[in-house]
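> Need the 3D shape of this:
(one chain, ligands or ions: 1)
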Amino acid sequence: MIEFEHVSKIYPGGAAAVRDFSCIVPSHRTVVLVGSSGSGKTTLLRMVNRMVDPTEGRVLIDDEDVRGMNPVALRRSIGYVMQHGGLLPHRTVRDNVATVPVLAGASRREARAAAGSLLERVGLDPSLGDRYPGQLSGGQQQRVGVARALAADPNILLMDEPFGAVDPIVRRELQRELLQLQRELGKTIVFVTHDIDEAFLLGDEVVVLESGGRVAQRGAPAEILATPASAFVRDFVGADRADRRLRQVDVDGARVAVDGEGRPVGVLEA
Ligand SMILES: Nc1ncnc2c1ncn2[C@@H]1O[C@H](COP(=O)(O)OP(=O)(O)OP(=O)(O)O)[C@@H](O)[C@H]1O
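Residues are numbered from 1 along each chain as shown. Next comes the predicted model:
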């Protein structure tokens, strides 16, 4: 479990990036922080692995204040996936995935062998392990980023817009694969995005942020969609969007769901 307890962050000479934010991320669940640019999402995420220390408040992992933990050991024990993969360009894919386990004391041989099965797990042919990151597509690089984050078998995964830089079709694929992985692995995931559809797809709980890390609303996706807490949330989640406003029409005895513009989107089951 991760707990943000009244955290604030004021960067030197800057306004508050985050002000008095509290949130609990239960173990084995996915919490998505969603908000527009500058709402403090990355700052919050980095408080968990101490890449940023809050100016006020505390972050606890399983009831232990991260501030008392060694930052290097902490970072090695938490998986972190960044928007552009963050891969080391001069190391092969296999060595990129093996880096953290080797730093943590695994033998190079063991770690490289484990890297092969991790690549398979994220849907890559292990033969790609001998390439350099620059020789992979954007989607493949992001998969390697996920494999690398999983390499030390962390309980916690931090994901910062991990699928932001790939085209919509590959993005959809990566999202589906993450859902499948999460069903198998049950990590505690904090996922940052500015894409509300991605948030609704992946989050057990979604936290909608306004600027300064202010919580506009939190809850299960269906709750937020059904009862937006403010005009800001209603607008942000597109509650009035035609593709969100479904209704049922009867066609030849079948119940068909159509969107706000009357386009059919599916058939309702009995
Ligand atoms: N190192 C820093 N020094 C000063 N100000 C910073 C620093 N990092 C972030 N900020 C400011 O803090 C605010 C929140 O930034 P943050 O990166 O957390 O937002 P974000 O929601 O992740 O945005 P984006 O979606 O654009 O990545 C912004 O106003 C940003 O300019």
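> give me every residue that touches residue 219.
Contacts of residue 219 were listed using CB atoms under 8 Å, 6 or more residues apart in numbering, and they are 205-206. Where C-beta positions appear, they are placed from N, C-alpha and C, glycine not excepted.
> ok, so what distance separates residue 4 from the ligand?
13 Å (CB to the nearest ligand atom, to the nearest Å).
> Need the pLDDT of the spatially closest residue to residue 90 that is not a sequence neighbour.
Nearest residue to residue 90, sequence neighbours excluded (CB to CB, 6 or more residues apart in numbering): residue 132, at 7.2 Å. Reported pLDDT at residue 132 in the predicted model: 96.
> wait, what's in contact with residue 132?
Shown in contact with residue 132 (CB under 8 Å, 6+ apart): 89-93.
> Throw these into a markdown table and include neighbour count and pLDDT, thanks.
Converted to a markdown table, the contacts of residue 132 look like this (neighbours: other CB atoms under 10 Å; pLDDT from 0 to 100):
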| residue | neighbour count | pLDDT |
| --- | --- | --- |
| 89 | 9 | 94 |
| 90 | 10 | 96 |
| 91 | 14 | 95 |
| 92 | 19 | 95 |
| 93 | 27 | 96 |
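> now those as JSON lines including secondary structure and distance to residue 186?
Output for the contacts of residue 132, formatted as JSON lines (DSSP: H, G, I helix; E, B strand; the rest coil; distance: CB to CB, whole Å):
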{"residue": "89", "secondary structure": "coil", "distance to residue 186": "32"}
{"residue": "90", "secondary structure": "coil", "distance to residue 186": "34"}
{"residue": "91", "secondary structure": "coil", "distance to residue 186": "30"}
{"residue": "92", "secondary structure": "coil", "distance to residue 186": "30"}
{"residue": "93", "secondary structure": "helix", "distance to residue 186": "26"}
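> so which strand or helix has the most centrally placed residue in the chain?
Of all residues in the chain, the one closest to the mean position by CA atoms, centre = their mean is residue 191, 2.3 Å from it. Element membership of residue 191 [criterion: DSSP states H and E] is strand 188-193.
> do the same with residue 170
Element membership of residue 170 [criterion: DSSP H and E] is helix 168-185.
> Could I get the average pLDDT for that helix?
Mean pLDDT, computed over helix 168-185, is 92.
> Check what contacts that helix and list those residues.
30, 121-123, 137-139, 142-143, 146, 150, 162-163, 166, 189, 198, 201-202.
> Selecting buried members of those in PyMOL, what would you type?
Command for PyMOL, covering only those of those found buried under the criterion 16 or more other CB atoms under 10 Å:
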select buried, resi 30+121+122+123+139+142+143+146+150+162+163+166+189+198+201+202
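> could I have stretch 178-196 exported to CSV, CA atoms only?
What follows is stretch 178-196, C-alpha atoms only, in CSV (Å, rounded to 0.1, in the frame of the first residue of the first chain):
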residue,chain,number,x,y,z
LEU,A,178,-0.9,-4.1,-19.4
LEU,A,179,-4.4,-5.1,-18.2
GLN,A,180,-3.6,-8.8,-18.9
LEU,A,181,-0.2,-8.5,-17.2
GLN,A,182,-1.8,-6.9,-14.2
ARG,A,183,-4.3,-9.7,-14.0
GLU,A,184,-1.4,-12.1,-13.8
LEU,A,185,1.0,-10.2,-11.6
GLY,A,186,-1.2,-8.0,-9.3
LYS,A,187,1.3,-5.2,-8.8
THR,A,188,0.5,-2.0,-7.0
ILE,A,189,0.5,0.5,-9.9
VAL,A,190,0.4,4.3,-9.9
PHE,A,191,-0.2,5.3,-13.5
VAL,A,192,0.0,8.9,-14.8
THR,A,193,-1.7,10.1,-18.0
HIS,A,194,-3.5,13.1,-19.4
ASP,A,195,-5.8,10.8,-21.4
ILE,A,196,-9.1,10.2,-19.6
